[in-house]
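J.: generate coordinates for the sequence data below:
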Amino acid sequence: MALTASRDSGWRGALDSVVRNVPPLALAIACIFVIFDTVQSQNIVLDVAHAKIIEGKLSAALIGIHTIKSREQEYLLTGSERYLARDAQDLEATNAIFAELRRLMAGDPEQEQRLVQYRAATESLLGAMDLAIRQYRAGDKIGVQHTLSSGAFARLMEDNSIGSSAILRVQRERIAVLQAIRIASFTRTMIGIFALLLAIGLYCVLRMTMLAAYARKQKLNMLRLERAKQAAEDAYAVAEKASKAKLEFLASVSHELR
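T.: A predicted model of the protein is given here:
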């Protein structure tokens with residue numbers, strides 16, 4: 001029986017040690033993972049913002065090129081110089097956007113190469129338009145017609161259109177991928193936080209249950225000790241009473257013998 005009690009005590013002690021030491025360590029590890037995932041999610045948010053900035057500047061560059069080309073075409077149709085009044089200013093702004101895009105795409109060689117190819121196609125197209133304008137000012141309308149209707153100009157227009165579509169499509173695909181990763185990371189983070197809070201709650205409940213059980217056990221032990229003490233005191237009183245009675249009896253017998 002003593003052996004059984006010893007085994008039971010050892011088992012309960014081991015369980016209590018596990019409950020006291022393992023959950024805090026597991027919670028600490030879970031907290032580290034949640035923090036790491038949260039930081040990753042924040043980095044993805046920054047990547048999405050960066051990709052959207054690039055997309056916005058790409059759109060601005062495409063609009064700038066299209067605006068310049070449209071005004072030059074209007075000039076060739078009407079001969080009004082007012083259509084060329086802002087060409088230099090718009091071209092300078094567009095070049096500044098291209099320079100900013102090169103800086104933003106420094107870590108993306110593939111997209112940077114597409115940007116370089118697109119800018120080269122754009123410069124060739126604007127160069128052809130500039131040639132047509134010079135021919136128009138020189139009164140060479142046949143030369144203008146030949147320049148704008150040539151197969152080379154048609155290829156420049158096509159290359160410009162394809163290049164702009166390709167670079168924007170790739171950028172938007174990357175934004176979509178990053179958005180999907182961000183949503184998945186956010187969902188995983190929320191699940192991790194919820195699981196962590198649930199684990200903390202369960203741990204607190206378990207610890208409170210064990211502490212309550214320990215308090216009941218201590219109270220029961222104190223009650224047993226008090227009962228044992230009372231029993232010992234009662235037994236001592238009975239023994240003392242019996243001893244006193246015996247002494248009185250012996251004293252009485254001794255007196256009678258005398």
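J.: output stretch 206-218 as PDB, restricted to C-alpha atoms.
T.: Once non-C-alpha atoms are left out, stretch 206-218 reads as follows in PDB (Å, rounded to 0.1, in the frame of the first residue of the first chain):
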ATOM      1  CA  LEU A 206      -5.600  24.100 -16.000                       C
ATOM      2  CA  ARG A 207      -3.400  25.900 -13.500                       C
ATOM      3  CA  MET A 208      -6.300  27.200 -11.500                       C
ATOM      4  CA  THR A 209      -7.800  23.700 -11.500                       C
ATOM      5  CA  MET A 210      -4.600  22.200 -10.200                       C
ATOM      6  CA  LEU A 211      -4.200  25.000  -7.600                       C
ATOM      7  CA  ALA A 212      -7.700  24.400  -6.400                       C
ATOM      8  CA  ALA A 213      -7.100  20.600  -6.200                       C
ATOM      9  CA  TYR A 214      -3.800  21.300  -4.300                       C
ATOM     10  CA  ALA A 215      -5.700  23.600  -1.900                       C
ATOM     11  CA  ARG A 216      -8.400  21.000  -1.300                       C
ATOM     12  CA  LYS A 217      -5.700  18.400  -0.700                       C
ATOM     13  CA  GLN A 218      -3.900  20.700   1.700                       C
END
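J.: tell me the contacts of residue 101?
T.: 54, 57-58, 61, 115 (CB atoms under 8 Å, 6 or more residues apart in numbering). For glycine as for every other residue, the C-beta is placed from the backbone atoms N, C-alpha and C.
J.: tabulate these (CSV), appending neighbour count and distance to residue 122.
T.: Supplementary listing: those in CSV, determined by neighbours: other CB atoms under 10 Å; distance: CB to CB, whole Å:
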residue, neighbour count, distance to residue 122
54, 21, 17
57, 18, 14
58, 24, 12
61, 24, 8
115, 22, 10
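J.: relative to residue 176, which of the residues you listed is nearest.
T.: Closest to residue 176 out of the contacts of residue 101 is residue 54 (13.9 Å), distances taken as CB to CB.
J.: does that closest one touch residue 105 like I think?
T.: Yes - between residue 54 and residue 105 a contact is recorded at 6.7 Å, counting by CB atoms under 8 Å.
J.: so what's in contact with those two at the same time?
T.: With contacts defined as CB under 8 Å, 6+ apart, the residues shared by residue 54 and residue 105 are residue 111.
J.: quick check: the nearest residue to residue 72 once chain neighbours are set aside vs residue 191, distance?
T.: Counting by CB to CB, 6 or more residues apart in numbering, residue 72 lies nearest to residue 129, which is 4.7 Å off, once chain neighbours are set aside. Using CB to CB, to the nearest Å, residue 129 is found at 56 Å from residue 191.
J.: next, count neighbours for residue 111.
T.: The criterion is other CB atoms under 10 Å. On that basis, residue 111 has 20 neighbouring residues.
J.: show me what the strand or helix carrying it is packed against.
T.: Assigned by DSSP states H and E, residue 111 belongs to helix 109-137. Where contact means 3 or more CB pairs under 8 Å, 6 or more residues apart in numbering; DSSP states H and E, helix 109-137 is packed against helix 2-78, helix 87-104, helix 141-149, helix 151-257.
J.: compare these and give me the one nearest residue 119.
T.: Taking CB to CB as the criterion, residue 119 comes closest to helix 87-104 out of these, the separation being 5.5 Å.
J.: what residues of the closest one count as buried?
T.: Neighbour-count burial for helix 87-104 flags 87, 90, 94, 97-98, 101, 104 (criterion: 16 or more other CB atoms under 10 Å).
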